[in-house]
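Engineer: sequence? don't have it. structure:
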Ligand SMILES: Cc1cc2nc3c(=O)[nH]c(=O)nc-3n(C[C@H](O)[C@H](O)[C@H](O)COP(=O)(O)OP(=O)(O)OC[C@H]3O[C@@H](n4cnc5c(N)ncnc54)[C@H](O)[C@@H]3O)c2cc1C
C-alpha cells in the first residue's frame, strides 16, 4: 500500500514538473492516452506512466531531466509505425513523442543537404524537396506516416534503398539529447567527419542512446528518367530466380519488390492496380537514370524475366500508372486486414541465392502451424517480409504464431541471414540476438550503450537481451570479475 502511494506521488510530481516545463496540454496521463501510447504497430503491448509531446529541443531536454529526477525510464517515439516494439514502453516509462517537432528547418540544394526536425514525416520531406529537383531517397512503405526521427532510429529501408542505400547513407549529422539532458551534435555537414563515427552509432540505435532532435539529411537528385515494370510468374521459384538473375546481369535497379499471390489478391482488392491475381508471384522492378541507361537496364531486366518464364510484362505508360503500381505495393500491409484482423510481420534478410529455399521453408512452417503466410518484400536485397495473418481472439492462436515465428527466424539465420533488414530488433526480437551474436559481441554492444546511457534509462529492455552487460566484455577479454565490475558505471545493467 505504502509502495503504491509513493509511486503515485512520484508520478504526480513528475507530471507537475513536466506540465510546468511544457505546458499542461503537452502532457498526457489519462487512461485512454496511456493505452494508445502503450504500443506501436507491432504485436507487443506494454504500458507507460506518462506521455510528453515536446515542441522544442529545450522541452525535450526538460523531459529527460524530469525523468531522471523522478526515476522514470524514457521511451523516445515518433509516429509509432515501428514493427518491432521499439517504441513500446514498459513499466514506469515517460514516452517522449517527437511528432510536434515537424518543421523542415532549412533546405540547401547547393550543399545537397537539409536540416529537419525529427517529427517531419518522410513523405512530407520528399514532397518539400521535389520542386527543387531532389528527393530524400529512403522511402519506407509507411512513408506517409513515419517520422524522420523514427527512420534514423531504426535505420529504415524502403523499396528504393536497393540502389540508393538505407537511411544510414543519407544522414550526415544528428543532434541528440543525451539521457542527462545535454545536447550533442554527432557527425557534420561535411561528408567525412574525422574521429569515431558516433553518428553511425546513433543511426539504428532504436532510441537507446538518446533522443534525436534534428537531422541533417543528404539530398539525392531526382533521376531524369524512370521506368516501372511489372512481371508475373506461374511459380514463386521463377520469380525469385529472376531477382538473382537481374543482379547477376550487372544491373542494380532502383527497386525490386516481390509479392506472392496472397498479397497480390489483397492489394488488388484494395488498390485496383491491375495486378494479375492468378499469378503465383509478381515482381515490380524500377530502373532510373538517363534515358539511355534506363533503356539498357530495362532490356536486361526484361531478358532476365523472360529467361525465367515470366508470363507478361507491363510497363507503366505514365506517372499515373506508375503511382498506381506503387500504391498496391505500399498499401499491402494494410490490405492484408482482409485476410484476418491481426498480422505478425518479420523482416529477416537472407542471401538472395537462398530466397527460394527460405520462402519454401516459410510456407512449410505456416502449413504445420495452420497459419496463413504471405510474403511481400524488398527482394533485391533479400529482405524478406513473411507475414502471418491470424485472429488473436481465437484461443491458442497467438501461441502458434509465436512458435511459427521463432522457427522462421531460425530458418533465416541458418540460411546465413540477419535478424532484421530494416524494422530493428526492439522488444520483439531482442531474445533472438544470441542466435546472431556471441556473448562477447553482445557485451561490446552493451558497452557502447553504457557510454551514452550509463544508468540504462533510455528505452530499457530493447535491442539487447536481458543480461547483456558491459562488464562481461572486460571479463571475456580476460579481466577478472572484480576488475570488470570496477570498470562498470553504477547500474550499467542493460
Ligand atoms: C505499413 C507499414 C509499412 C512499413 N514499411 C517499412 C519499410 O518499407 N521499411 C522500413 O524500414 N520500415 C517499414 N515499416 C516500419 C516503420 O515504419 C519504420 O521502422 C519507421 O522508421 C518507424 O518510424 P516511426 O516514426 O513510426 O518510429 P516509432 O515507431 O515511433 O519508433 C521506432 C523506434 O525509433 C525510436 N525513435 C523514434 N523517434 C525517435 C527519436 N526522435 N529519437 C530517438 N529514437 C527515436 C523509438 O524509440 C523506436 O525504438 C513499416 C511499418 C508499417 C506499419
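Structural biologist: Yep, it's here. All values reported here derive from a predicted model rather than from experimental measurement.

Engineer: I'd say residue 326 and residue 228 touch.
Structural biologist: Yes - with contact defined as Cβ atoms under 8 Å, residue 326 and residue 228 form a contacting pair (7.4 Å). Where C-beta positions appear, they are placed from N, C-alpha and C, glycine not excepted.

Engineer: more neighbours: which of the two?
Structural biologist: With neighbours defined as other Cβ atoms under 10 Å, residue 326 and residue 228 compare such that residue 228 has more, 24 against 21.

Engineer: which neighbours do residue 326 and residue 228 share?
Structural biologist: residue 284 (Cβ atoms under 8 Å, 6 or more residues apart in numbering).

Engineer: what does stretch 389-400 contact?
Structural biologist: 43, 336, 339-344, 369-374, 401.

Engineer: out of those residues, which are buried?
Structural biologist: Buried members of these, scored by 16 or more other Cβ atoms under 10 Å, are 43, 336, 339, 340, 342, 343, 344, 369, 371, 373, 374, 401.

Engineer: out of those residues, which two sit at the greatest distance?
Structural biologist: Across the buried ones among the contacts of stretch 389-400, the longest distance by Cβ to Cβ is 17.3 Å; it joins 336 and 369.

Engineer: strands of the stretch 251-400 of the chain, start to end?
Structural biologist: 255-260, 281-289, 312-315, 342-345, 372-378, 386-390 (DSSP state E, counting those that start in this stretch).

Engineer: which one of those strands lies closest to residue 89?
Structural biologist: Per Cβ to Cβ, nearest to residue 89 of these: strand 342-345, 20.1 Å.

Engineer: that closest one pairs with which strands, and in what direction?
Structural biologist: Its sheet considered, strand 342-345 pairs with strand 386-390 (antiparallel) by DSSP bridges.

Engineer: any bit of the partner strand sitting next to the ligand?
Structural biologist: No - using Cβ under 6 Å from any ligand atom, strand 386-390 never reaches the ligand; the gap is at least 10.6 Å.

Engineer: stretch 21-41 now?
Structural biologist: Yes - on the criterion Cβ under 6 Å from any ligand atom, stretch 21-41 is in touch with the ligand at 40, 41.

Engineer: got the buried residues for that stretch?
Structural biologist: Neighbour-count burial for stretch 21-41 flags 21-22, 26-29, 33-34, 37-41 (criterion: 16+ other Cβ under 10 Å).

Engineer: possible to save these as a markdown table with pLDDT and distance to residue 410?
Structural biologist: Formatted as a markdown table, the buried residues of stretch 21-41 follow (pLDDT from 0 to 100; distance: Cβ to Cβ, whole Å):
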| residue | pLDDT | distance to residue 410 |
| --- | --- | --- |
| 21 | 97 | 47 |
| 22 | 98 | 45 |
| 26 | 98 | 44 |
| 27 | 98 | 43 |
| 28 | 98 | 40 |
| 29 | 96 | 41 |
| 33 | 96 | 38 |
| 34 | 96 | 35 |
| 37 | 96 | 32 |
| 38 | 95 | 29 |
| 39 | 93 | 26 |
| 40 | 95 | 24 |
| 41 | 94 | 24 |
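
Engineer: got these as TSV, with secondary structure columns?
Structural biologist: Formatted as TSV, those follow (DSSP: H, G, I helix; E, B strand; the rest coil):
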residue	secondary structure
21	helix
22	helix
26	helix
27	strand
28	strand
29	coil
33	helix
34	helix
37	coil
38	coil
39	strand
40	coil
41	coil
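
Engineer: near the ligand, which residues of the stretch 151-300 of the chain?
Structural biologist: So far as Cβ under 6 Å from any ligand atom goes, the stretch 151-300 of the chain lies against the ligand at 151, 153, 154, 156, 157, 158, 206, 207, 211, 212.

Engineer: looking at the protein, which helix or strand is least sure?
Structural biologist: helix 481-486 (a mean of 50; mean pLDDT, DSSP states H and E).

Engineer: and the pLDDT at the closest residue to the ligand within the stretch 201-350 of the chain?
Structural biologist: Residue nearest to the ligand within the stretch 201-350 of the chain: residue 207 (2.6 Å; Cβ to the nearest ligand atom). You'll see residue 207 listed with a pLDDT of 98.

Engineer: the one 3 residues further on now?
Structural biologist: Note on residue 210: pLDDT of 98.

Engineer: does it touch residue 449 like I think?
Structural biologist: No - using Cβ under 8 Å, residue 210 makes no contact with residue 449, being 10.7 Å away.

Engineer: the two: who's more crowded?
Structural biologist: residue 210 (29 against 24).
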